[in-house]
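Novice: Predicted coordinates and the sequence they were generated for:
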There are 4 protein chains.
Amino acid sequence: MINVSIAGGTGYTAGELLRILLRHPHVNIESVISTTSVGKPVAEVHRDLLGETDLLYSDTFLNPDVLFLCLGHGLSRAFLEENRIPEKCKIIDLGNDFRNKPVYGNREFVFGLCELNRELIRRAGNVANPGCFATTIMLALLPLADKDLLTDEVHVHAITGSTGAGKRPGETTHFSYRDNNISVYKPFTHQHLEEIGHTLVKAGNSSLPRINFVPMRGDFTRGIFASIYTKWHGSMTAAETVSFYKDYFAASPFVFVSEEPISLKEVVNTNKCLLHIEFHNGYIHITSVTDNLVKGASGQAVQNMNLMFGLEETTGLKLKGSAF
Amino acid sequence: MINVSIAGGTGYTAGELLRILLRHPHVNIESVISTTSVGKPVAEVHRDLLGETDLLYSDTFLNPDVLFLCLGHGLSRAFLEENRIPEKCKIIDLGNDFRNKPVYGNREFVFGLCELNRELIRRAGNVANPGCFATTIMLALLPLADKDLLTDEVHVHAITGSTGAGKRPGETTHFSYRDNNISVYKPFTHQHLEEIGHTLVKAGNSSLPRINFVPMRGDFTRGIFASIYTKWHGSMTAAETVSFYKDYFAASPFVFVSEEPISLKEVVNTNKCLLHIEFHNGYIHITSVTDNLVKGASGQAVQNMNLMFGLEETTGLKLKGSAF
Amino acid sequence: MINVSIAGGTGYTAGELLRILLRHPHVNIESVISTTSVGKPVAEVHRDLLGETDLLYSDTFLNPDVLFLCLGHGLSRAFLEENRIPEKCKIIDLGNDFRNKPVYGNREFVFGLCELNRELIRRAGNVANPGCFATTIMLALLPLADKDLLTDEVHVHAITGSTGAGKRPGETTHFSYRDNNISVYKPFTHQHLEEIGHTLVKAGNSSLPRINFVPMRGDFTRGIFASIYTKWHGSMTAAETVSFYKDYFAASPFVFVSEEPISLKEVVNTNKCLLHIEFHNGYIHITSVTDNLVKGASGQAVQNMNLMFGLEETTGLKLKGSAF
Amino acid sequence: MINVSIAGGTGYTAGELLRILLRHPHVNIESVISTTSVGKPVAEVHRDLLGETDLLYSDTFLNPDVLFLCLGHGLSRAFLEENRIPEKCKIIDLGNDFRNKPVYGNREFVFGLCELNRELIRRAGNVANPGCFATTIMLALLPLADKDLLTDEVHVHAITGSTGAGKRPGETTHFSYRDNNISVYKPFTHQHLEEIGHTLVKAGNSSLPRINFVPMRGDFTRGIFASIYTKWHGSMTAAETVSFYKDYFAASPFVFVSEEPISLKEVVNTNKCLLHIEFHNGYIHITSVTDNLVKGASGQAVQNMNLMFGLEETTGLKLKGSAF
C-alpha cells in the first residue's frame, strides 16, 4: 500500500483526490491536512463522502510515501518551507509553483503530463501536475508539435466550469451571476500559456508556438471545452491526420479521438480526454474536452502517482462517467 | 412626477426597483443611496443598466415624495433612526421590519399585499411590502380565507430562486454548490409564517391557519414555485371553486387562474402571479408562481407606490416576460 | 464471470447499466439488444462510452446468466412473450410490469428493494427493480413501517431530474422549457404510489399508509430529492429515532443517515441514499436523496444482480460521486 | 395604430414578437396565423401570455399594414407564393429567405440591420430581418468595416442559447443532453457567414472579410455571446478606438460600448447589444452580447417596424432586462 498524505485538504481538488483515492486499491490515506479544520471529520467538509470515510483532518503528515499538495497557486513553495518533508517522500504538486520553475532545494519536478512524459514520470521523485486548461489544450496539440506543425498562430477558445475557480465564493461564482451566463476573463494573458508553450516545444515543435487564448467562464460546474485551430501546413490528408492522432495516443489509456463531434459531458466525471478533428478553410480545427477536476487536476495527479509507484496507469481511474 | 429615493441601492431588490422605475412614466429617481458606493455610477454596480442611466450613488436623499427601503431585514428600523425622514415623505419598506410590528414613531405601516389591502394602501402613508414566499403563498390562499375554509392544516412546499438569498456570496449560493442541486432550509420555521397567518385571518379566516411550510432552494435565479394543499371542507364543486377564485381576483390585474397546470417560467420577469387548482383525495391542491424579485419584492413595491399616489395600479408594471 | 444480456439497449437506464457493468469485475456483457440499432457500435449511441467498449448492438441474446430488461414501462411483458428466455436465465426487470403483478408464466418476481428484501433477492430467480421515486420514498419510510408508525397521512413532495423522463425528447424535456423552471405533474396520482404502499405494508406497517404525493419536474438531470413528513405518534425521542434509523440500515451499505441537512448532489452518480431527520410541530420530517439512474434504476439493478449471484452487495458499485 | 399580422404564430420568434407587440402603444394585432392551431387561444401555446391577450389563432390575415413572417428558414417564400399579400402591406421577414436574395416579385427587401441601414429601412416596403449570430457579430465589426480595417482574417467564437434552435424538440435541445454541456456545430460553415460578409462590405470594407466562425451550443436559453478578434492594422490607439466605436453608435439607441468586461446576462430580455474592446498581442479583441430572441430576432423586427412607420425607434422596446 502507498501511504498518502494530502495538504490543503478542504479545497475542491483535495475533495476530488479523496473521492478517487478512497476507491484506489493500493492506497492508504494516512492524513488529510488542514490548518483550519484540525479534528473535524473530512466528510463534514466534503459532504458527499458521508458513509465513505471516518478520516479526521490533522495538522500534519506522518510518514507518507507521497504527499499531494492541493494548496492553491503560489502556496506550495511556502508549505515546503514551513514543513520538513522526509527525503524519501515523493511530492505531487497540484498548484502551479513548480510547473515552469521545476526546482525546490534538491528536489526536481517533472512536468506531469503523462501522455508526453510517461517515462520521466515513472522515474520522478516529484511531479508538477499540469493546469486544467493547459492539459486540455496540450493534449489537442501534442501530435502536431511532435510533427513540428505548430508553425502558424494557434487560436484557442476554451470554456471552463465553475469548479475551476475554487471553493471561495465570489462575484463570478455566485449562482445568481453565473447561471445562464457566459463571460470572458484574462483574454490573451492566461497564466497557463507559459506551460503550454514550453511543453509543446519539448514535445517536438522547433519554435515556441504563438497561441491566442481566450478563456471563458461557463455556466456548468465540471469540465473544459476547448476549440482550437491553426493554419494547416501539413502534408497529411484529413484521414491520415486522424490516424496519426490515434497512433500518437495508442499507448495512452485516457485519450481518444472521436470520429464524431464531441460534447463536454462525454468526459465529465472521468479521467478521459476526447479529441475531434476537422479540416476547414485551410485550417485544422480540433475540439478537446476534459473534466477539469479529474484529468485536469486530481485524476491526472493519481495517474502520475500510479506511474511513479510502478502501478498500472489506470489503477483506480476507470471512473464511471456521469454522462448527464 | 413622483420624486423617488432608494436606500440600500446596491442590493438585488434595489437593482430590480431601478430596472422598473427607470421605465415608469411618472417617476423621477432623485437619489440612490449607498454608504459604500457614494459617487460611483449606479450602472457600475447593476451592470445591465449600462446605457439606461447616468445616476450616481449618493449618501443621502434630498426631498423625495417616497422613500424605498431596500436594506435587508432588520436594517430599516436602524435607517429610520439614523436619518430624519421628512414627514410628508411616504415610505415603502421592502424589508421585514414593519410587516408584523407595523409602527415606527407616528408612522403606521399598511401591509402591502395589494390584492387584499388595495383600499388601505391607497390611503397609506407607509407600506410594509410583503415577503416573497409570503406573497406567493397568501395569494393562493386568500380566497379560501375569505370563505373561512382554512380550517384544516395547510401543507406547503415552495422552491425559491437564488436571488431570494441576496447578493452576498455564500456556500449555498455558490454556483458549484447550487447548480443542478436542491435542498431544504428552515423547514417548518421560516420567518414568513407569521405574516402569512396574520394576513389570512385579516382576509376572513376565523382562526389562525396551521401551516406546515417546507422552503427549498432551487437551482434557478428568479421565481418561487409553491405547491399547497389542504383538506377540502367546502361545499363548492371544483368548477365553482375555480370560478370563485377568478371572481375573487377579477379586480386584481396581476393574478390569474390557469385552467392548465402552470410552470414557473410563465411569470418570470413579470409582476404576475398564476394559480392552478385541482382536487384530489379530498384535498384542494393549489400551485402558485411568482417572480420573487418582481411580484415578490420590487414589482409589488411599485404596485404599492402606484396605489399610494393615485396612479393606475399597473403603471410601469406591464413587463414583458422572459418565458425562457 | 456472469454472462449478461441487456434488452432495450439504447435507453437511459441501459446506458447507465453499461457504464456500471463495464467496470464490474465479475461480469461479461454478452449482448446488448436493440431492434433499431443492430450492428451499430454501442458507443455511438452512448457516446461517453467511447474508448470503453467495442460492443455492437445485436438483435438477440445468446446464453446469458441474467437478462436485464430496460424496455420502458409495459414493454417487458411483451418482450417475454416474443422471446423464449432460457429457463436458467435470471431476469431483472427495470420496468414496472412486474412490481405489482409479480408473476409471468412460472417465473415469480421478487420486489428488488435490497434494503427490505435482501434475503429474498439472494434466492430469487427474477427481480422487479423498484421505481426511482418509489425507492427514494420507501427508504425514508421503511424504519417507520417496521415500527408500524405510518398510521397518519404521509405528505410527500419529490423533485426529479430530467433523465427520469427518458430519452425521447418532448415538450417538458426541451431545454428551453425546462432550464430554470419547475412544475408539478401527476399530483396525488403517480403510478409509483401502489408499489410504495404495498411495500410499506410488507415492511411491517399494519395498514396501507395514505400517501399524498406531489411529484415535480426539476431543472437538473440526475437525482431525486424527497421531502416527507407525517404526524409523529411514536414514543421515541428525536435522538432515539435517528439512532433507530441508523440501526435499521446498519447492514445496508448504501443508505446513510446524515446528522446535517442534505442536498441532492451529495449522492449524484453514486448508488447511495442519504436520509436526514428532523422533528417539528409534532411531525417527523425526513429528506431523502438518490440518483434516479443509479440507486433509482441501474445501480440498484446491479445491486440485485450481486445478491442473486452470491457476490458482495457492493461489487462494482462503489462509484465516485460527482459532488458538483 | 398599425395593424399587424403574424404568420407562423406558434414558434419562438412569434411568441417573442407577441410579448413585445402586446405592449406596443401603436400596434393592433389583427391576426396571428397558424395553420395547425386555428381557433385555439394564443395564450394556450405561449402560456406566459395568460391574462395578457384573448387572441385566437386564425388561418389568414385580414388587412394588415405589416405582416411579420416567423415561419422558419426557407418557408417565407413558400408563404408568399401561397398567399396573396395586399400590395400596400409591408413585410418583415424573420427568416433567411430574403437576406441574401432580397427580391420577391416586385417586392425588394432591405437588410434590416438598423444600425447600418436606418435610412433605407425608413423608406423600405419590405425588410429582411438579420440572423441572430449575424447581428451580434456585425454590430461588433461595423465600425471596423467603416474604416476598412477588416483586412486580415477575423476569428469568431460565438455561443448561442437553446431558443436559437427553435421549438421542435430534438437530441441537442433535450435537457438531459444540453444541461451543463457545451458543443460546437457547423464550424467554419454556418449559414450566417454570407450575410455577415456582404453587410460588412456595404458598411465600408473594401474587400470581403475572411471570417473563421465557430458557433457553439450553450447551456442557457437566451442570448449570444461572441468573442471576436482580428489583427490590428489601424493607427488609432486603444482609447481612440473605443471613442470611435462610441461615436459610431451614438445615434443608435440600443448599442453601447462598455469600458468593463461584459457578461451575457447584461442584455438578456432587452433589445440591447453591449460591446467591449481590448487590445492584446497586436489584436483587437471585441466581445459582443445580445438576446437572440430580442435584438437577434423579434426585438429588431419591431425596431425595423418602428422605422418603417415613422415611429421613434425605441417605441415599445425599452424592455426591463432580467439581469439574472
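Specialist: Cool, got the structure. Numbers count the residues shown, from 1 in each chain, chains lettered A, B, ... in the order given.
Novice: Residue A:195: which element?
Specialist: helix A:193-202 (DSSP states H and E).
Novice: Only the buried residues of that helix, if you could.
Specialist: A:193, A:195, A:196, A:197, A:199, A:200 (16 or more other Cβ atoms under 10 Å in any protein chain shown). Heads up, the C-betas are built off the backbone N, CA and C, glycines and all.
Novice: Stretch A:257-272 now?
Specialist: Residues of stretch A:257-272 classed as buried by neighbour count (16+ other Cβ under 10 Å): A:257-258, A:262-272.
Novice: Of those residues, which is the nearest to residue C:45?
Specialist: residue A:266 (12.3 Å; Cβ to Cβ).
Novice: is chain C contacted by the helix or strand containing residue A:156?
Specialist: Assigned by DSSP H and E, residue A:156 falls within strand A:154-160. No. Judged by Cβ under 8 Å from any Cβ of the partner chain, strand A:154-160 and chain C are separated, with a smallest distance of 12.7 Å.
Novice: and the angle for that strand with strand D:154-160?
Specialist: 20 degrees (axes from the mean of the first three to the mean of the last three Cα atoms, to 10 degrees).
Novice: mind showing which ranges of chain A have poor pLDDT?
Specialist: Along chain A, no part satisfies pLDDT under 70.
Novice: what about the longest helix in it?
Specialist: helix A:132-146 (DSSP state H).
Novice: That one to strand A:154-160, inter-axis angle?
Specialist: Using the same axes, to 10 degrees: helix A:132-146 against strand A:154-160 is 150 degrees.
Novice: Give the buried residues for helix A:132-146.
Specialist: Buried, per 16+ other Cβ under 10 Å, within helix A:132-146: A:132-146.
Novice: Enumerate the residues of the stretch 1-150 of chain A near chain B.
Specialist: residue A:12.
Novice: picking up where we left off before, who are the packing partners of the helix holding residue A:195?
Specialist: Under the contact criterion of 3 or more Cβ pairs under 8 Å, 6 or more residues apart in numbering or on different chains; DSSP states H and E, helix A:193-202 touches strand A:107-111, helix A:132-146, strand A:211-217.
Novice: Now do it: everything it contacts.
Specialist: Applying Cβ atoms under 8 Å, 6 or more residues apart in numbering or on different chains, the set of residues contacting helix A:193-202 from outside is A:96, A:99-100, A:111, A:113, A:116, A:130-131, A:134, A:137-138, A:141-142, A:145, A:150, A:207-209, A:211, A:213.
Novice: List the residues that contact residue A:21.
Specialist: Applying Cβ under 8 Å, 6+ apart, the residues near residue A:21 are A:4, A:27, A:29, A:302, A:316.
Novice: What degree of burial does the last one show, as a neighbour count?
Specialist: In other words, residue A:316. Neighbours of residue A:316 under the rule other Cβ atoms under 10 Å in any protein chain shown: 22.
Novice: excluding its backbone neighbours, what's nearest it?
Specialist: Spatial nearest neighbour of residue A:316, chain neighbours left out: residue A:24 (3.5 Å); criterion: Cβ to Cβ, 6 or more residues apart in numbering or on different chains.
Novice: got it, and the third one?
Specialist: If the residues on either side of it in the chain are set aside, residue A:29 comes closest to residue A:4, at 5.2 Å by Cβ to Cβ, 6+ apart.
Novice: helix/strand/coil for the one you found?
Specialist: strand (DSSP: H, G, I helix; E, B strand; the rest coil).
Novice: hang on, it packs against residue A:28?
Specialist: Yes. Using Cβ atoms under 8 Å, residue A:4 is in contact with residue A:28, at 6.7 Å.
Novice: quick revisit: please flag which of the buried residues of stretch A:257-272 sit within strands.
Specialist: If you go by DSSP state E, the buried residues of stretch A:257-272 have A:257, A:258 in strands.
Novice: now for the buried residues of stretch A:257-272, which pair is the farthest apart?
Specialist: The most widely separated members of those are A:257 and A:269, with 20.6 Å between them, by Cβ to Cβ.
Novice: Now residue A:102. Nearest residue, chain neighbours left out?
Specialist: Excluding the flanking residues, the one nearest residue A:102 by Cβ to Cβ, 6+ apart is residue A:109, at 4.0 Å.
Novice: what about that neighbour, neighbour count?
Specialist: Neighbours around residue A:109, by other Cβ under 10 Å: 22.
Novice: Count residues in the vicinity of residue A:36, would you?
Specialist: 10.
Novice: just to revisit the earlier point, ok, residue A:4 and residue A:28, which is more surrounded?
Specialist: residue A:4 (25 against 12).
Novice: show me the residues around the more buried one that make contact.
Specialist: Counted by Cβ under 8 Å, 6+ apart, residue A:4 has contacts A:21, A:27, A:28, A:29, A:30, A:64, A:65, A:66, A:67, A:68, A:305.
Novice: Mind doing that once more with 6 Å?
Specialist: A:27, A:29, A:64, A:66 (Cβ atoms under 6 Å, 6 or more residues apart in numbering or on different chains).
Novice: now residue A:96: how far from residue A:291?
Specialist: 19 Å (Cβ to Cβ, to the nearest Å).
Novice: Of those two, which one has the most company?
Specialist: residue A:291 (33 against 21).
Novice: so the more buried one touches residue A:266, yeah?
Specialist: No. In this structure residue A:291 lies outside contact range of residue A:266 using Cβ atoms under 6 Å: 10.2 Å.
Novice: Relative to chain B, how far out is residue A:156?
Specialist: Per Cβ to the nearest Cβ, to the nearest Å, residue A:156 is found 24 Å from chain B.
Novice: Pull the residues that contact stretch A:250-262.
Specialist: So stretch A:250-262 is in contact with A:115, A:139, A:245-246, A:249, A:271-276, A:287, A:289, A:313-314, C:50-51, going by Cβ under 6 Å, 6+ apart.
Novice: let's go with 7 Å and repeat that
Specialist: A:115, A:139, A:242, A:245-246, A:249, A:271-277, A:287, A:289, A:295, A:313-314, C:50-51, D:183-184 (Cβ atoms under 7 Å, 6 or more residues apart in numbering or on different chains).
Novice: okay, now the residue of the stretch 101-250 of chain A found nearest chain B: neighbour count?
Specialist: The minimum distance from the stretch 101-250 of chain A to chain B, using Cβ to the nearest Cβ, falls at residue A:169 (3.7 Å). A count of neighbours around residue A:169, defined by other Cβ under 10 Å, yields 20.
Novice: Which of the contacts of stretch A:250-262 are buried, as a PyMOL select command?
Specialist: Restricted to buried positions by 16+ other Cβ under 10 Å, the PyMOL selection for the contacts of stretch A:250-262 reads:
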select buried, (chain A and resi 115+139+242+245+249+271+272+273+274+275+276+277+287+289+295+313) or (chain C and resi 50+51) or (chain D and resi 183+184)
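Novice: Restricted to helices, list the contacts of stretch A:250-262.
Specialist: Counted as lying in helices by DSSP H, out of these, are A:115, A:139, A:242, A:245, A:246.
Novice: Farthest-apart pair in these, please.
Specialist: By the measure Cβ to Cβ, A:115 and A:242 form the most distant pair in the ones in helices among the contacts of stretch A:250-262, at 17.1 Å.
Novice: which SS class is residue A:13?
Specialist: Going by three-state DSSP: residue A:13 is helix.
Novice: you'd agree it is up against residue A:298?
Specialist: Yes. If you go by Cβ atoms under 7 Å, residue A:13 and residue A:298 touch, sitting 5.2 Å apart.
Novice: pretty sure residue A:127 is touching residue A:109, no?
Specialist: Yes. With contact defined as Cβ under 7 Å, residue A:127 counts as touching residue A:109 (6.2 Å).
Novice: before we move on, back to that, would you turn the contacts of residue A:4 into a markdown table with secondary structure?
Specialist: Below are the contacts of residue A:4 laid out as a markdown table (three-state DSSP):
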| residue | secondary structure |
| --- | --- |
| A:27 | strand |
| A:29 | strand |
| A:64 | coil |
| A:66 | strand |
